[in-house]
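Q: here are the coordinates; sequence isn't available:
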C-alpha cells in the first residue's frame, strides 16, 4: 500500500479532531464521525503540560490555546492546611518561549480543535457513527449509520474509553477497568495569587488540587478512593464533595465551606483501558483512550491521544505497506503510553492512603523528592515522539 489517501475516524473528541487536523495539513482526505448530534463536552478543564504544548505548536493551534487559558511555570505541594511544603519549576518542554504548563476549559479546547479541523479540510459528520465494516486487502469498506457506504484506506477508532469499535476489533479485549478511585471537579473564581499548579495532600487519604483555567477562573479537583464504584447522585454531589473535603484547612477548606446546590460539581469514576499490543487489526487501529486510557495523575490522557494522532498522520503520509505503517506506530507509541499509564497508577497508589502516619511519611518524602520526581517524568516526556 502506498501513502494513505483517505481515513475514516470514529469519534470527534480530542484524538479524533487532532488526527483530522494533522491529516488535513498533510493533504490526506478524512471524515470524522461523531455520534452526538450537537457538539458538547463533559468535564471542567484540561491541563496541557509541555509535551502537549509542543504538539499543539506542530498543529498550528498553540497560540489560540494559550490565549483561551492560563499559563503557569510552577508546581507547589502543600499539606492539608495549605502550608507550602515544596515548590518546583516545571520544565519548558515546548521551548524557552513557551510556558511550562497551560490549562483551559475543555469546551474552549474543543472549539479550537473543531475550528482547526474545518480549516484543514476534514469533514465532521454529526449524529453519525459506524454501522459496520469489512476489512479487505485494499482497505476498509465501511457502512455508516446515515446509510452511506464508503471506502477508506484506514479506519481509526478514536471513540473513547468505552470504544464500541475496540470491542468489534478485539472481542476478547479486557473490559474497562475501574481503578478504585474517583475524581471530583468544580469551577471557581480564581484569586490573583493562584497562578501556579497547586497540590494539597489530605490527611484523610485524599488529594486536592487547584488549577488556574483562565484569567478569572480555576478549578478544584479532589481524588478519592471509592470502593465498589458507587453511583454519585448529581443533585447531591456538592454535599458529597463537602464531606470528602473534611479536614482540609486554608483555601481548600474555604472552598469546601462555600459549596452549595448551585455549585456545578462534576464527578467521574477513574477508569483505565489496558489494551495489549497491537492496537490494530487489518486496516483498523485504536488511538487515545480507546487503546490506553490512564489515570489523570500525570495530566497526560489528552496528551497521549494528541501524540498518537501526530504520529499516525506522519506515517499515513509515507509510502509504506499497511502492516509496516501500523507496526511502526506501535513501536513509537506503545511503551510511551504504557509508561504514562503505569506511572499514573503508581502515583495514585502512593498518594491515597487513609493511615495518618503514612500520609505524614508521604508528605516528608515528597518534600524532599517532589522536584526530582517531576524532573524525571518531564525528561521522559520531552523525548521525541
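A: Everything's here; your move. This is a predicted model, so every value here is computed, not measured. Numbering: from 1, shown residues only.
Q: so which strand or helix has residue 215?
A: Using DSSP states H and E, residue 215 is not contained in any helix or strand.
Q: Hmm, residue 70 and it touching each other?
A: Yes. Contact status for residue 215 versus residue 70: in contact at 6.5 Å, counting by C-beta atoms under 8 Å. The way it works is simple: take the backbone N, C-alpha and C, and place the C-beta from them, glycine included.
Q: can you list residues touching both of these two?
A: Shared contacts of residue 215 and residue 70 (C-beta atoms under 8 Å, 6 or more residues apart in numbering): residue 190.
Q: Show me which of these two is the more surrounded one.
A: The neighbour comparison of residue 215 against residue 70 (other C-beta atoms under 10 Å) goes to residue 70, with 22 against 9.
Q: buried sites along stretch 316-330?
A: Neighbour-count burial for stretch 316-330, with 16 or more other C-beta atoms under 10 Å as criterion, is recorded at 316-317, 320, 322, 325-330.
Q: Among those, which pair sits farthest apart?
A: Within the buried residues of stretch 316-330, two members stand farthest from each other by C-beta to C-beta: 317 and 330, at 17.8 Å.
Q: hang on, the earlier thing: I'd like the buried residues of stretch 316-330 as CSV, with pLDDT, distance to residue 307 and secondary structure appended.
A: Listed next are those as CSV, based on pLDDT from 0 to 100; distance: C-beta to C-beta, whole Å; DSSP: H, G, I helix; E, B strand; the rest coil:
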residue, pLDDT, distance to residue 307, secondary structure
316, 96, 15, helix
317, 96, 16, coil
320, 91, 19, coil
322, 73, 21, helix
325, 96, 17, helix
326, 97, 16, helix
327, 97, 18, helix
328, 97, 14, helix
329, 98, 11, helix
330, 98, 13, helix
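Q: Reformat those as a markdown table; add distance to residue 262.
A: Below are the buried residues of stretch 316-330 laid out as a markdown table (distance: C-beta to C-beta, whole Å):
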| residue | distance to residue 262 |
| --- | --- |
| 316 | 47 |
| 317 | 50 |
| 320 | 55 |
| 322 | 53 |
| 325 | 51 |
| 326 | 49 |
| 327 | 53 |
| 328 | 51 |
| 329 | 46 |
| 330 | 47 |
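Q: So, low pLDDT: which residues of this protein?
A: In the predicted model, the chain carries pLDDT under 70 at residues 1-2, 353-354.
Q: Would you map the helices across it?
A: Under the criterion DSSP state H, the chain carries helices at the ranges 14-25, 50-59, 62-68, 106-119, 164-169, 237-244, 250-258, 289-292, 301-316, 322-351, 356-381.
Q: Switch the ones you listed over to JSON lines; also include distance to residue 35.
A: Below are these laid out as JSON lines (distance: least, C-beta to C-beta, whole Å):
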{"stretch": "helix 14-25", "distance to residue 35": "11"}
{"stretch": "helix 50-59", "distance to residue 35": "24"}
{"stretch": "helix 62-68", "distance to residue 35": "25"}
{"stretch": "helix 106-119", "distance to residue 35": "15"}
{"stretch": "helix 164-169", "distance to residue 35": "9"}
{"stretch": "helix 237-244", "distance to residue 35": "26"}
{"stretch": "helix 250-258", "distance to residue 35": "35"}
{"stretch": "helix 289-292", "distance to residue 35": "14"}
{"stretch": "helix 301-316", "distance to residue 35": "17"}
{"stretch": "helix 322-351", "distance to residue 35": "24"}
{"stretch": "helix 356-381", "distance to residue 35": "32"}
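Q: Out of those, flag the one nearest residue 94.
A: When the helices of the chain are compared by C-beta to C-beta, helix 50-59 sits nearest residue 94, at 4.0 Å.
Q: for that closest one, packing partners?
A: Secondary-structure packing of helix 50-59 (3 or more C-beta pairs under 8 Å, 6 or more residues apart in numbering; DSSP states H and E): helix 14-25, helix 62-68, helix 301-316, helix 356-381.
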